[in-house]
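> Requesting a structural model of the entry that follows:
(2 chains)
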Protein chains: 2
Amino acid sequence: MERIKPRTLSGFMELLPDKQAQMERIMEILRRTYSLYGFAPLDTPIIEASEVLLAKGGGETEKQIYRFEKGDSDLSLRFDLTVPLAKYVAINYAQLAFPFRRYQIGKVYRGERAQRGRFREFYQADIDVIGDGELDIMNEAEIPAIIYRTFTTLGLTKFKIRVNNRKVLNGFFAMHGLFEKAAGIMRTIDKLDKIGEDKCRVLLLEDGIPELKTDEIMGFIGISGTSAEKLKALEKYEGKNETFDTGLSELRVVTGCLSEFGVPEENFEIDLTIARGLDYYTGTVYETTLTEHPEIGSVCSGGRYDNLAEYYTDKKLPGVGISIGLTRLFYVLEEQGMLSDEIITAPADALIIPMTEEISKAVETATLLRDFGIRTMLYSENKKFKAKMTYADRIGVPFVVFLGDDEISKGVVKVKDMKTGEQIEEKPDEAAMRIKSEIDKRSTGRVIKD
Amino acid sequence: MERIKPRTLSGFMELLPDKQAQMERIMEILRRTYSLYGFAPLDTPIIEASEVLLAKGGGETEKQIYRFEKGDSDLSLRFDLTVPLAKYVAINYAQLAFPFRRYQIGKVYRGERAQRGRFREFYQADIDVIGDGELDIMNEAEIPAIIYRTFTTLGLTKFKIRVNNRKVLNGFFAMHGLFEKAAGIMRTIDKLDKIGEDKCRVLLLEDGIPELKTDEIMGFIGISGTSAEKLKALEKYEGKNETFDTGLSELRVVTGCLSEFGVPEENFEIDLTIARGLDYYTGTVYETTLTEHPEIGSVCSGGRYDNLAEYYTDKKLPGVGISIGLTRLFYVLEEQGMLSDEIITAPADALIIPMTEEISKAVETATLLRDFGIRTMLYSENKKFKAKMTYADRIGVPFVVFLGDDEISKGVVKVKDMKTGEQIEEKPDEAAMRIKSEIDKRSTGRVIKD
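Numbering: from 1, shown residues only, chains lettered A, B, ... in the order given. Purely as a prediction, here's the structure:
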C-alpha cells in the first residue's frame, strides 16, 4: 500500500496526552470560574458567511482570514469570538435577558506567518457582559475580580492586573487640543512596553505632535506611585474636560471595590500607559502581566466598548469583555517550565492487572472502582508481568491493583501505590475508598506554578 | 452606517443559553464517563493537509469535504475524528503507551445537502482503544459497559445496546461460498432496519445471490430469542469455518462479562442483523437504539477494526471504538421533548440585588457566595425594582439575595427562593451554606428523560 507521510500543519497545536491533561484542567478551571460570575457558556459555528463575519471589513485581520467557497457560498473561519458574539446577540436580541453575560472558549483562525510560538489555530477564552442601551460601571469594576480568581485558581500568584481608562486618556488629549490625534497617540503609547520611552517619543513627534505636548503626554502617562497616589495626581486635571472627569470617576469606582471583590492590592495597579490598540474600546481597559515574565506581554486583556453590534443592528449594545489567548499562554507557560506536575496527568487513577486467566473478578473490581468515581483501566493484554508493569510506569498511573488466585480466594485485592511502592492487601470496597480519598488529595494541586 | 443582516449558516447549530447549558451538561457527562474507563482527552486541529486527511481517498465523504487553498497549501476540514486519530497515533507512535485509550469530543464538517436535522458542522464524541500489533478481546467486551454508563448517567433507561460480530457474518458467508460477496451482503443487511426484509431480499437477489442462499442469509440473520438462545442457535454452525468459530467465541466473551461490567441484560442484545456499512470493521460491531424511538436509528455505533493507520505507517494498529453523533442526538432529543428541565439551566444560582446606592456590602456578599462555589450574579444596573425582578425571572435564577439598608444594619441578607416564593433573613454565611446545599440537591437531576 502506498503510504502518506502523516504530519500536523505548522502553526497548529497538537499535544501529547500528559500535556493535553494539563490543558483540559486549565479549560475546566476557566469554565468553572467564569460560571461563578454568572457567565453562560456559548458555542457558535467556526464557519460563518463571509459577508457577516467581515461586516466591519478592512484591517490587518482580513488578509489573515481563512476564506473559501463551498458550492456558491462565500465562507470564512472565525478569527475571533467577538464578531460571532455580536452576530449572536443581534440575531437573538429578543430572546436574551440583558445584561447578557456569556463566556466562550473556542478555536479561532488566523493565517499568520508561521513562526515559533505563533499559532494559526488557537483557543481564545472570552467573557463579555452586554448591556441593552446602558451598562453600569460596576460591570467594569468586577472584571479584575474575575481575572484574579481565574489566575489564582490556576496557581499563579505573581501577576498584576493593570487598568486604565480610555476616557482619562481621551480627555487628557482633548485638554491639550489633541482630540483629533487621540486614536493615533493611543496606538503609539500602547507600544511603550515593547519599544521603550525614547522610541515612543520619536513616533509621537513623527506623528506631528509638538515637542512640548509630547513631553506633556510622556509626563502624564509616566505618573508613578501606588494606585491611590496616581488617582491623587490625576485630581489636578479635574474640572477641565468632561470626558476626563467621567473617566477619572470610573477609574475610582473600579479601584474602590477591589477589597470587597477580594483582589489584593499587590495584584492590581492603575497603569496610565495601557491604551490597547483597538479603536473600539471606550472606557476601562485591562491588561494582565506575569510580574516575573514581562517578556510574555499581556496574558489577559480587554476593555469596555460602547457598541458591540453596530454592523448588524441599530440597537445600542455596550459591553465589557476580556480575552485570554489560551493556546499561546499554554505554549509560553510550557516553554518557561511553569506547567506544574502537581496534578495527575495519567489517563487513569488505577490500573487493574489480572493475574489469572479468568478475569471476571477483575472486571467486577473495575466496575466497583468506577462506581466510586475512580478512573480505572483494566489491563487485559496477554503480556508478561514485566510488560504490564512497564505499561503502568509509562502511563504514570498512581495505583496498580493486582488480582491473583490468592487474592481472589481471600476476597481481597492487592493495591500498589506507585509513588511509595507500598503494597496493601484489602477488601475491594476498602481499597476503593482509600484510593478515592488519596486521589482526591492528590488532585488539589495547581496546574501552573510561578 | 450600512448594516449587514446577521445570520447563522443553515446546517450549523447555535443554541440559546438554556439549551446550551443542557448541551454542556451532556458533554461534561461524556468527558467524565469516558475518563472513568481510562480514556485520555485528545484535541487535534480542525484543519489538516488535504493529502493527509484524504490519504484513504475516494468514497462518498470526499465530495462533502470542505477543501480549500490558503497560500500554496491544500487544506481540508476534518470530516470525522478517526482519520485525525490515525494520523496522531502514527506521528506519536514512539511516545504513546499501548493500548492507547483516547476520547475526543470535537466538531467535524460535512457539506451535506441542507435539510431539517442534518448538520454540516456537528460534534462527534468518540472513544477508541488502539493496540500495538494486538488487542485483547476484553477491550471489545468493555464497550457495552461504557455505553451503558454513559446513557444511564445522561438519564436514559430505555435503550438497547445491539452487538454482532463481523467474523460470525463473514464466516457464515464463507461457509456458503459467498466469501467474495461478503462486503456487499453486509452493506445490504445493514439497511434491513430501514428498508425491511422484503426489499433486503430483493437487493440480495439483484446482487447475484442465488435464491436458496438468500433464504439462508435471511434465515440466519433472522435467528430470534434471547442472547443466550442466539448463542445456542449459532453453535450448530461451529466447526465449519475458522473465522466463524473465532467470531462466535468472541461474541461469547463479549456477552459473558455483562453482569460483571454492570450491564443489565435488558439493555443488551445480540443482533445478527447489525453489520455496519463501513468495510473496515473486522470483529465486534455495536449499535445503540432508543427502544421507544427506533425511528431515530442508532445513537452510538462502532466496532473493532484491525488497522487504524495503514495509510500512514506499516505498524499494525488494531482498535475498537464507538462514536456518538452528538449534535444530531441533541437535535432529536429536543425534537422529541426528551431534554429534561430537571437540571438548572440558569446562568447563575443566585442573583444579588442591592437596594442601596452604596453597594460595597453587595459586592462583599457576592464574593462570599462565590467562595462557597455558588454561581453568583451581581445586578448593578440602575433600574426600577420591577425591572430587576423581571430580569431574575427571565434568567430563571433559583435564588435572589436582597441587600437593603435594613439588612445591612442588621448584618443579614434576605434570600428569596424563586421556586417557593419563601423569603428568609439570615447571616450571609448561613445563607451561603443553605443556598449551596439547596443548589447541590437541585443539580442531581438528569439532563435527558425517556
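> CA only for contacts and neighbour counts going forward, please
Noted.
> Against chain B, how distant is the most centrally placed residue in chain A?
Centre of chain A computed as the mean C-alpha position; nearest residue by C-alpha atoms, centre = their mean is A:Ile324, 3.4 Å away. Counting by C-alpha to the nearest C-alpha, to the nearest Å, the separation of A:Ile324 from chain B is 19 Å.
> Let me know the secondary structure of that residue.
Assigned state for A:Ile324: strand (three-state reduction, DSSP: H, G, I helix; E, B strand; the rest coil).
> what about chain A, any weak spots by pLDDT?
Chain A contains residues with pLDDT under 70 at A:58-60, A:277-278.
> mind checking the longest helix of it?
When chain A is parsed with DSSP state H, its longest helix is helix A:17-36.
> what's the angle between that helix and helix B:17-36?
Put simply, helix A:17-36 runs at 150 degrees to helix B:17-36, going by axes from the mean of the first three to the mean of the last three C-alpha atoms, to 10 degrees.
> what's the helix or strand just after helix A:17-36 packed up against?
Proceeding N to C from helix A:17-36, the next assigned helix or strand is strand A:40-41, under DSSP states H and E. With contacts taken as 3 or more C-alpha pairs under 8 Å, 6 or more residues apart in numbering or on different chains; DSSP states H and E, strand A:40-41 sits against strand A:100-109, helix B:17-36.
> Could you chop chain A up by domain?
For chain A, the structural domains run A:12-130+A:307-339, A:159-283, A:350-442, going by automatic domain parsing.
> Could you report the neighbour count for A:Thr356?
Counted with other C-alpha atoms under 10 Å in any protein chain shown, the neighbours of A:Thr356 add up to 15.
> In contact with it, which residues?
Each residue near A:Thr356 by C-alpha atoms under 8 Å, 6 or more residues apart in numbering or on different chains is listed here: A:Leu403, A:Gly404, A:Asp405.
> if we take these, which one ends up nearest to B:Leu77?
Checking the contacts of A:Thr356 against B:Leu77 by C-alpha to C-alpha gives A:Leu403 as the nearest, at 45.8 Å.
> how close does the closest residue to the closest one other than its chain neighbours get to chain B?
Residue nearest to A:Leu403 in three dimensions, not counting chain neighbours: A:Pro354, with 4.9 Å by C-alpha to C-alpha, 6 or more residues apart in numbering or on different chains. Counting by C-alpha to the nearest C-alpha, the gap from A:Pro354 to chain B is 12 Å.
> A:Gly38 and B:Pro347 touch, don't they?
Yes - the pair A:Gly38 and B:Pro347 qualifies as a contact (C-alpha atoms under 8 Å) at a distance of 5.2 Å.
> okay, now A:Phe119: neighbour count?
By the criterion of other C-alpha under 10 Å, A:Phe119 has 22 neighbours.
> swap that for A:Glu364, sorry
Residue neighbour count, defined by other C-alpha under 10 Å, stands at 18 for A:Glu364.
> what about it, is that helix, strand or coil?
Of the three states, A:Glu364 takes helix under three-state DSSP.
> what helix or strand is A:Val247 on?
Quick fix: residue A:247 reads Gly, not Val. Here A:Gly247 is assigned to helix A:242-256, by DSSP H and E.
> A:Tyr305 contacts A:Val285, correct?
No - at 9.3 Å, A:Tyr305 and A:Val285 do not qualify as touching, with contact defined as C-alpha under 8 Å.
> Between these two, which is the more surrounded one?
For A:Tyr305 versus A:Val285, the count of surrounding residues by other C-alpha under 10 Å is larger for A:Val285: 25 against 19.
> Tell me the secondary structure at that one.
The assignment at A:Val285 comes out as strand when based on three-state DSSP.
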